[in-house]
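**Q** Quick one: sequence plus predicted model below, questions after.
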Amino acid sequence: MPHPHLAEIVLVDGATAATLAQVLPVLLLTLAVEMRRTQIHSRVSRLRLGAFFLLFAVAETLLVLSIDGTLYPFRWFDLASAVAIFGLLSMAFALSLAEMRPPQRPAVPPVEDPPTNDSGDLAP
């Protein structure tokens with residue numbers, strides 16, 4: 001039974017929050033892949049991309065906290081899950097800013113010319 005002196009904050013019902021918390025990360029992944037494929041990520045400023053990821057992470061965190069039906073009071077596991085998701089989204093943001101490196105070729109030792117004599121013929 002909830003405490004009568006605690007306020008209860010509800011953003012969306014639990015089923016909607018759970019559905020959105022599952023669907024939105026898949027959409028974010030799809031967006032990130034398409035931005036990489038079309039090279040749009042290199043034309044968007046880091047500030048805009050950072051603001052988008054921050055807003056997305058806050059929305060996702062709020063949805064995860066609302067899965068049990070209320071935003072506040074929340075369960076500790078909901079808070080731990082929300083912090084983990086926020087951290088993973090922060091890592092995704094950092095990786096989205098990283099430039100792709102061309103594949104490195106293995107080092108090949110230089111080929112030495114065979115020894116020759118003064119006339120240019122191969123030495124015995």
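**A** Arrived safely, thanks for sending. Predicted model, so just to flag it, every value in this text is computed and none were measured.
**Q** Now do the SS call for Pro110.
**A** Taking DSSP: H, G, I helix; E, B strand; the rest coil as the rule, one finds Pro110 in the coil state.
**Q** and the nearest residue to Tyr72 once chain neighbours are set aside, what is it in contact with?
**A** For Tyr72, ignoring the flanking residues on the chain, the nearest one in space by C-beta to C-beta, 6 or more residues apart in numbering is Ile9 at 4.3 Å. C-beta: built from backbone N, CA, C; applies to glycine. Ile9 makes contact with Thr70, Leu71, Tyr72 under the criterion C-beta atoms under 8 Å, 6 or more residues apart in numbering.
**Q** List the contacts of Val64.
**A** Ala17, Ala21, Asp78, Ser81, Ala82, Ile85.
**Q** Over to Ala107?
**A** Applying C-beta under 8 Å, 6+ apart, one finds that Ala107 lies in contact with no residue.
**Q** and if you look at Ile67?
**A** Counting by C-beta under 8 Å, 6+ apart, Ile67 touches Gly14, Ala17, Ala18, Ala21, Asp78.
**Q** now do Asp68
**A** Contacts for Asp68 were tallied using C-beta under 8 Å, 6+ apart; they are Gly14, Phe74, Arg75, Asp78.
**Q** if I look at it, how far off is Arg43?
**A** Per C-beta to C-beta, to the nearest Å, Asp68 is found 41 Å from Arg43.
**Q** One more: Leu62?
**A** From Leu62 over to Arg43 (counting by C-beta to C-beta), the distance is 30 Å.
**Q** Who has more neighbours out of these two?
**A** A direct count of neighbours by other C-beta atoms under 10 Å for Leu62 and Arg43 places Leu62 higher, at 16 against 8.
**Q** Can you tell me how far the more buried one is from Ala82?
**A** 8 Å.
**Q** ok, now Ala59?
**A** Here Ala59 is placed at a distance of 11 Å from Ala82 (C-beta to C-beta).
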